[in-house]
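# Sequence plus the predicted model coming up.
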Amino acid sequence: MVVFAPPAGGGRFGADEFTEVQRVADLGSFVHDVAESRTYYSEPLYDLLGVTENAGDTEAELLFRAHPEDLPAIIEFRERLLDSHEGQPIELELRERDTDRIFLVRAQPVFDEHGVPRLVRGIVQNITNLRAPGRQRALDRRLFEDAQRVALLGTWAWNTATGECVWSSMLYELFGVEERTVMAYNDYLEYVHPDDRVWVDRTWRQLAESGNPVVCEYRVVRPDGSIRVLRCRGASFAGRKEGPVMVGTAQDVTEQRSTESRMQRSSQRFTDLVAITPVGIGLFDATERLVDANDALCKLLGMDLERLRGMSAEQLTHSEHEPRARLEAGQRVLATASGEPVYCELNVVSSVADDGRRFWLVVFQDVTERRRAAELLRHQATHDDLTGLPGRFAVNELLTELLSAPCARDVALLFCDVDNFKRVNDSLGHDAGDELLIALARRLEDGLPDGCTAARMSGDEYVVICPDQNEVGGVDALASKVAHLFRTAVPVRGQLLRVSASVGAAVPSGPETTGADLLRFADAAMFEAKRRGAGRVSLANAALIATADSQMYLEGQLREALGNDGLVLHYQPVVGVDGSILTAEALVRWPHPDRGLLGPGQFLPVAEQGDLLRDLDRWVLRTALREAKSWPDVDGGQVSVAVNLAGLVPGDPEFVDVVATAIAGSGVEWERVVLELVETSFVDLPSRSRTAMADLVSRGVRFAVDDFGTGYSSLARLKDLPAQIIKVDRRFVAGIGTDPSDFAVARAVVDLTRAMGRTCVAEGVETDTQFNALRDIGVEAYQGWLMSRAVPADAFRELLRLGPLHVPAPPGP
């Protein structure tokens, strides 16, 4: 330890007193020997730093105890001492590591005769308490400035006598001005927006005169051209005799006002939207009473707002409908001023007003017309357009309901098919046929026992549903009555038509019987009645049900075969007069797993009953076109392929797309495709069907009338058929050589066909006589067993490779 002695020549106090003085001043002294690089501390300095006395202390002790952030300052302090040649004291404030103490270090170098630093003498004083108020003030100032920055708030003072203005740092930022810029009152006014400048100046001068605090908002234009909105507060304080001093704040509220403006515009737009929207909108209070409504709601209910205001949701509900106490989303039936029901769809939104009160915004969407339209659509979907009777969908619904009731065993179903209805259409036309169907429907409605329902299934098929056969004397009595209703003469087109119907009756066979089962049983009984003769009645029995089940099983197998490509195509050639193959007609066959190869006559009725004809046509079309793509050319030309269509017809909305997709998918040329339709398909074609056919014809597809002469058409109507090929039915061809009338019909058809530029094909040619006679009258193409039966696809390709088929040579002279 080094003890400092009093100065030479005596002194006023000794070493002990000097040490105590250092302790009282909360400081300690040190001497640093530059040459030896050793530092000597006084005893109070040891105490101040809290270290053990050590005669070998170095300056590293100070470095070790200093805060890391102050180390660069200590190093710079040392360098200044050793490099200084003035010998003046130098001060440094530093913080102690791990504490909040602050020390003032004051040191002065001592030089030798050569001007080299020999010693450094100094003191270290604890000035923590001296700096604490200033530090707190600085901290408070920083916090205040930070708070101003967060709040975008600046402060100002204006000496009205001198015009001098004092601004806070944040206020300079708000105005976008450099902080060191000297601001006078007139300088400030230059930043105020020109439109606001006059009244702002007047406001501040009134403040100076009256002393009453003011609050105002105005715009300022910053140097960069941006416009900000400031909310200012000002107050006046008595100053020196020259005049008062005004102080205040300025807060940037630009974003707040912009948001408020957007909200106001949005609120106004919402108000305008509510006012002009055609949908009813009402505002209800917490008690669910109407407090406001737009014109649309008033118009909807036929009442003005004054009458509506105060009405509860329950009072607005129609009396015939169960009121709901609470407003909730969903359908509600309201009442107009005249008591008429209005069906509404409600959307409810809960909100809270500015004063905290809850209210409900309710949108009333009038769905009355939509409901009526839906009911109409449902009626159209469940009822027959022509007769107005319930249709198949309604029948299924009613049967499901009746068969699930406790008295299901008493249900009876009649399936009725008008006998020889086709004859009416063929002789009198389709309009007369429709008139007959309508008249029969009215007769059933008027003549059936109470509780029974008549429905039209399709075409000339009707069903009668009886919920309790015991009420009508049993199923036999009901069937007889219905058959009698059909037998009564019906006035059509000014004449009385006498028709009949084959009636099949069925009752549930057990509790597991479904509506589909009952329809199938009655349908089977109807076919049995028709087999026995027109106007007969048949009751479904076990044998008929077994047959129906067998047909249903076969239908399921056919459906599976369609889905798994379980069918095959055979092809029968159509040849020219020289035996060259012109076209091949695709004929479907079914290799049944149990019954062998089935022809179309064995499964097409099943397909028709199971509504599979359309899917079957699609499959045949795709497969035939795909296989035709691989056929070899014949004499440099390509053989066309003909496909019979029964379910897929021109009236189908997807007809053109289905055909076009099949052709495009196969890669077959359009000109090679022939679509055959039975003659009745061409009768009374609607414009949509003709348009579809014309579309395909324009691309190269040809249409053929199959079995011409067996349908409704007469020779006079031949010119109206939109087809390029006419196929004479085999029944006329079969009579050639034996029946002169058949030959006469065939000749007339051929002559007319050729005269109209169409191709004539004779079907069912089986003898040389038929071939020669047809050739003599100008038939261009022939199809029949005389040339070839229908053969499998591989065999047909072989026929194409072998060349022309054998045809009879012309008879000799």
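Looks like it arrived, so ask away. Residues are numbered from 1 along each chain as shown.

# Just give the strands next to the helix or strand encompassing His32 in its sheet, each with its orientation.
Secondary structure assignment for His32, by DSSP states H and E: strand 27-33. According to DSSP bridges, strand 27-33 forms sheet pairs with strand 38-41 (antiparallel), strand 117-126 (antiparallel).

# right, and those - which one's nearest Ser29?
When these are compared by CB to CB, strand 117-126 sits nearest Ser29, at 5.0 Å. In this view, the C-beta of every residue, glycine as well, is placed from N, C-alpha and C.

# average model confidence for that closest one?
Taken as a whole, strand 117-126 has an average pLDDT of 89.

# starting at the chain centroid, how far to it?
Distance of strand 117-126 from the chain centroid (CA atoms, centre = their mean, to the nearest Å) equals 85 Å.

# buried residues in it?
Pro117, Leu119, Val120, Gly122, Ile123, Val124, Gln125, Asn126 (16 or more other CB atoms under 10 Å).

# Quick one: these as JSON lines, columns for distance to Asp611 too.
Listed next are these as JSON lines, based on distance: CB to CB, whole Å:
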{"residue": "Pro117", "distance to Asp611": "117"}
{"residue": "Leu119", "distance to Asp611": "120"}
{"residue": "Val120", "distance to Asp611": "114"}
{"residue": "Gly122", "distance to Asp611": "113"}
{"residue": "Ile123", "distance to Asp611": "114"}
{"residue": "Val124", "distance to Asp611": "109"}
{"residue": "Gln125", "distance to Asp611": "110"}
{"residue": "Asn126", "distance to Asp611": "106"}
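
# between those, which is nearest Asp70?
Nearest to Asp70, judged by CB to CB, of these is Val124 at 13.3 Å.

# State whether that closest one and Arg101 are indeed in contact, as I suppose.
No. The pair Val124 / Arg101 is not scored as a contact, 10.9 Å apart, by CB atoms under 8 Å.

# For the closest residue to Arg498 other than its chain neighbours, grab phi and psi.
Of all residues not flanking Arg498 in the chain, Ala489 sits nearest, at 5.0 Å (CB to CB, 6 or more residues apart in numbering). Per-residue torsions, Ala489: phi -60, psi 140 (degrees, to the nearest 10).

# about what we covered before: run the chain-centre distance for the strand holding His32.
Using CA atoms, centre = their mean, the offset of strand 27-33 from its chain centre is 86 Å.

# Please report the distance of the residue nearest to Arg498 from Asp707.
To Asp707, Ala489 is 33 Å away according to CB to CB, to the nearest Å.

# who's more crowded, the two?
Set Ala489 next to Asp707 and count neighbours by other CB atoms under 10 Å: Asp707 wins out with 19 against 10.

# Name the next helix or strand following the helix or strand containing the more buried one along the chain.
Counting by DSSP H and E, the element that carries Asp707 is strand 702-708. Following strand 702-708 in sequence order, the next helix or strand is strand 725-728 (DSSP H and E).

# Name the residues that touch that next one?
The contact list for strand 725-728 (CB atoms under 8 Å, 6 or more residues apart in numbering) reads 674, 676, 702-709, 718, 746, 749-750, 753, 758-763, 779, 783.

# Same question for the following helix or strand past that strand: list its buried residues.
Next along the chain after strand 725-728, taking DSSP H and E as the criterion, comes helix 730-734. For helix 730-734, the neighbour count (16+ other CB under 10 Å) marks Arg730, Phe732, Val733, Ala734 as buried.

# now do stretch 211-221
Across stretch 211-221, burial judged by 16+ other CB under 10 Å covers Val214, Tyr218, Arg219, Val220, Val221.

# List just the nearest of those to Leu94.
When the buried residues of stretch 211-221 are compared against Leu94 (criterion: CB to CB), the nearest one is Val220, at 44.9 Å.

# Quick check, that closest one in contact with Cys232.
No. Applying CB under 8 Å, one finds Val220 not in contact with Cys232, separated by 10.1 Å.

# Show me how the protein divides into domains.
Domains of the chain are assigned by automatic domain parsing as 15-126, 134-258, 277-372, 383-540, 565-802.

# what's the neighbour count on Leu802?
By other CB under 10 Å, 8 other residues sit near Leu802.

# Now do it against Ala628, distance only.
Distance from Leu802 to Ala628, by CB to CB: 18 Å.

# Confidence-wise, which helix or strand of the protein is lowest on average?
Here the helix or strand of the chain ranked lowest by mean pLDDT, DSSP states H and E is helix 60-65, holding a mean of 58.

# So for the helix or strand following it, what gets flagged as buried?
Downstream of helix 60-65, the next assigned helix or strand under DSSP H and E is helix 71-83. Buried positions in helix 71-83, judged by neighbour count with 16+ other CB under 10 Å: Ile74, Phe77, Arg78, Leu81.

# Which residue is the nearest non-sequential neighbour of the second one?
What it means is Phe77. Leaving aside its sequence neighbours, Phe77 sits nearest to Leu92 (CB to CB, 6+ apart; 4.4 Å).

# Before we move on, what's the pLDDT of Thr513?
Thr513 is assigned a predicted lDDT (pLDDT) of 90.

# right, and it touches Thr400 too?
No. Look at Thr513 against Thr400 with CB under 8 Å: they stay out of range, at 11.5 Å.

# higher neighbour count, these two?
Each of Thr513 and Thr400 has its neighbours counted (other CB under 10 Å); Thr513 has more, 19 against 12.

# Apart from its chain neighbours, what residue comes closest to that one?
Leaving aside its sequence neighbours, Thr513 sits nearest to Leu403 (CB to CB, 6+ apart; 6.5 Å).

# give me the number of residues near the one you found?
Neighbours around Leu403, by other CB under 10 Å: 20.

# which residues touch it?
Neighbouring residues of Leu403 by CB under 8 Å, 6+ apart: Val411, Pro508, Thr513, Thr514, Gly515, Leu518.

# Thr547 versus that one, what's the distance?
With CB to CB as the criterion, Leu403 and Thr547 are 22 Å apart.

# re the thing from before, check which residues of the strand holding His32 are buried.
Along strand 27-33, these residues count as buried under the neighbour rule (16+ other CB under 10 Å): Leu27, Gly28, Ser29, Phe30, Val31, His32.

# can I get the CA coordinates of it in CSV?
This file holds the C-alpha atoms of strand 27-33, laid out as CSV (Å, rounded to 0.1, in the frame of the first residue of the first chain):
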residue,chain,number,x,y,z
LEU,A,27,-12.8,8.9,-4.1
GLY,A,28,-9.4,7.4,-4.2
SER,A,29,-6.1,8.3,-5.8
PHE,A,30,-3.6,6.5,-7.9
VAL,A,31,-0.1,6.9,-9.4
HIS,A,32,0.9,5.0,-12.5
ASP,A,33,4.6,4.4,-13.2
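
# Run the angle between it and helix 71-83 for me.
Angle, strand 27-33 to helix 71-83, by axes from the mean of the first three to the mean of the last three CA atoms, to 10 degrees: 60 degrees.

# Contacts for strand 27-33 next, please.
Outside strand 27-33, the residues that touch it by CB under 8 Å, 6+ apart are 2, 4, 22, 38-49, 59, 107, 118-126.

# Okay, now the unreliable bits of the stretch 601-750 of the chain?
Residues of the stretch 601-750 of the chain meeting the criterion pLDDT under 70: 680, 683-685, 709-720.

# Strands along that one, start to end?
640-644, 673-678, 702-708, 725-728 (DSSP state E, counting those that start in this stretch).

# Tabulate these in TSV, adding columns for distance to Gln572.
Output for the strands of the stretch 601-750 of the chain, formatted as TSV (distance: least, CB to CB, whole Å):
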stretch	distance to Gln572
strand 640-644	9
strand 673-678	12
strand 702-708	13
strand 725-728	12
